[in-house]
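In: No letters, just coordinates:
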């Protein structure tokens with residue numbers, strides 16, 4: 001099942017290079033985890049640019065309108081009272097380059113001086129480099145791509161605990177997982193939610209009640225409430241959750257995608273139960289990250305038949321077809337809920 005990208009080998013290699021003073025000459029920083037990206041960029045600045053020397057050794061450009069002549073001048077400029085200069089280019093669009101310009105960029109990257117570190121940073125634009133184009137493929141080989149995605153669960157839980165300790169609070173592992181789940185797992189969002197929760201909590205230890213009181217759950221977390229209500233045959237509550245989802249102003253296609261994913265997870269859980277497979281096997285099969293999330297889904301699946309789960313996935317697919325064929329979003333989603341409720345009642 002689909003899952004957001006995680007920070008992987010590129011990020012770990014960058015952290016090691018930073019610690020070992022073995023920084024590459026050309027990087028691409030991209031990915032949805034803005035907190036990690038900004039933190040790593042800040043660490044790179046501290047490492048390469050002495051305080052007070054920013055005007056001489058640190059150059060920042062916006063990609064739009066940047067000429068290769070200007071970029072070439074920046075990377076050729078010698079550092080002042082430092083070993084290297086840092087050149088940042090934000091949201092550079094490689095696709096707009098002509099064939100001649102791509103060859104010029106390739107020549108520039110091939111001959112980068114040892115005293116420069118060039119970083120293409122993607123803030124609002126997506127990093128795209130069509131490697132089917134020969135010159136682009138050659139350019140790509142000159143760049144070290146560092147993708148900042150979701151942190152691995154263990155690292156994220158440790159980080160959440162550290163953030164709370166700084167604020168004078170503690171949080172156990174299960175509660176930290178719960179916070180990560182309903183916040184979407186991105187550190188960028190979690191920073192704010194941790195501060196809100198710590199400010200609200202009266203006790204020293206953070207509880208789920210503290211989190212539920214102040215944290216706004218992401219779409220996936222809200223959808224879980226709806227599928228749980230369906231599994232328990234609490235149809236009025238399921239309808240209320242759908243109303244909340246529609247009130248979040250999320251696109252109907254996005255809501256339906258999330259609902260479909262949760263129904264597929266229920267089916268996967270039911271299959272695992274029928275085949276005598278445990279929670280770990282289900283997590284691997286369904287791409288579920290958090291233990292409490294897996295246990296919750298397995299518990300819901302125990303109250304449902306395999307036939308219902310299979311039919312539910314089929315109904316979601318039919319709804320997707322109807323929605324993609326021009327159906328009205330609210331009507332399609334409401335009809336899906338009614339049909340699922342009818343299957344549950346039957």
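Out: Thanks, I have it. Every value quoted in this text rests on a predicted model; they were computed, and no experiment measured them.

In: can you confirm residue 128 is in a helix?
Out: No - assigned with DSSP: H, G, I helix; E, B strand; the rest coil, residue 128 falls outside any helix and is coil.

In: Quickly list the domain ranges of the protein.
Out: Using automatic domain parsing, the domain parsing of the chain gives 9-147, 153-214, 219-345.

In: check contacts around the closest residue in space to residue 187 that isn't next to it in sequence.
Out: Closest residue to residue 187 apart from its sequence neighbours, by Cβ to Cβ, 6 or more residues apart in numbering: residue 35 at 3.9 Å. Every residue, glycine included, has its C-beta placed from N, CA and C. Going by Cβ atoms under 8 Å, 6 or more residues apart in numbering, residue 35 touches 186-188, 190-191.

In: Put together TSV for the domains of the chain, with mean pLDDT on each row.
Out: Shown next, in TSV, are these (pLDDT from 0 to 100):
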stretch	mean pLDDT
domain 9-147	92
domain 153-214	95
domain 219-345	90
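
In: The residue nearest to residue 187 is in what secondary structure piece?
Out: helix 34-48 (DSSP states H and E).

In: Tell me the helices and strands packed up against the helix or strand just after that helix.
Out: Using DSSP H and E, the next helix or strand after helix 34-48 towards the C-terminus is helix 54-57. Under the contact definition 3 or more Cβ pairs under 8 Å, 6 or more residues apart in numbering; DSSP states H and E, helix 54-57 sits against strand 85-90.

In: buried set for the next helix or strand after the strand it packs on?
Out: The element immediately downstream of strand 85-90 (helix or strand, assigned by DSSP H and E) is helix 99-110. Neighbour counts over helix 99-110 (16 or more other Cβ atoms under 10 Å) mark 102, 104-106, 108-109 as buried.

In: and the spatially closest residue to residue 251 that is not a sequence neighbour, backbone torsions?
Out: Excluding its sequence neighbours, the residue lying closest to residue 251 (Cβ to Cβ, 6+ apart) is residue 329, at 7.5 Å. Backbone geometry at residue 329, expressed as degrees, to the nearest 10, gives phi -60, psi -50.

In: Repeat that for the one 3 residues further on.
Out: Here is the backbone geometry of residue 332 (degrees, to the nearest 10): phi -60, psi -40.

In: Do me a favour and get the end-to-end distance for stretch 98-118?
Out: End-to-end span of stretch 98-118 (Cα to Cα, to the nearest Å): 21 Å.

In: you'd agree the residue nearest to residue 251 is up against residue 249?
Out: No - contact criterion Cβ atoms under 8 Å: residue 329 and residue 249 do not qualify, at 11.3 Å.

In: More neighbours: the two, which one.
Out: residue 329 (16 against 6; other Cβ atoms under 10 Å).

In: circling back to that earlier point, what's the spacing between the residue nearest to residue 251 and residue 246?
Out: 8 Å (Cβ to Cβ, to the nearest Å).
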